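K.L.:
just need the structure, nothing else, for what follows:
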Amino acid sequence: ARSLVEDHLLTALAAVLVAGDSLARFHLGAPEPVLGRFRFGLEGTLEAARERMEAWRAIADVLPSTQIVLHLSHDLPGGLDRVVIDRADWHIVSYVDGQRTVAEIITTSDRTAFDVCSALYRTIVQGVVDLP
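P.N.:
Prediction:
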């Protein structure tokens, strides 16, 4: 539960940082009963949100929309004989079938949008997954 809460917190803070011309305010108050048990350091959390924002920017440069349909590459890039894909990325790549959109992969995989898009980004850069 903590990692899910942290992921949502970082995503929300990164969105605030991206939208630099908008105002966001955080108010002190009584915490939600369930969420109040989680504590995150301010500086570390803000730094992680900045890193998340930069990661999203890099991902967006390669993966421009969640409405595109990705395909597995027919061959490995540059004459490579093999590539290594870790278990978490393989879970995502296994949904790439040339028919599902990135948004559908996010929904189907039960992973966060950031996890899915990060995995797709890595596998696109590796040459395992192709853009249309």
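K.L.:
average pLDDT across stretch 8-19?
P.N.:
Per-residue pLDDT over stretch 8-19 has a mean of 69.
K.L.:
show me where pLDDT drops low in the chain?
P.N.:
1, 15-27, 31-38 (pLDDT under 70).
K.L.:
tell me where it has helices.
P.N.:
2-18, 42-62, 87-93, 102-109, 113-126 (DSSP state H).
K.L.:
give the contact list for the residue most central in space within the chain.
P.N.:
Taking CA atoms, centre = their mean, the centroid of the chain lies closest to Phe114, which sits 1.4 Å from it. By CB atoms under 8 Å, 6 or more residues apart in numbering, the residues touching Phe114 are Asp7, Leu10, Thr11, Arg52, Ala55, Trp56. (Glycine included, C-beta is placed from N, CA and C.)
K.L.:
can you put those in TSV and add distance to Asp75 and neighbour count?
P.N.:
Output for the contacts of Phe114, formatted as TSV (distance: CB to CB, whole Å; neighbours: other CB atoms under 10 Å):
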residue	distance to Asp75	neighbour count
Asp7	35	16
Leu10	36	22
Thr11	35	17
Arg52	33	22
Ala55	28	16
Trp56	30	21
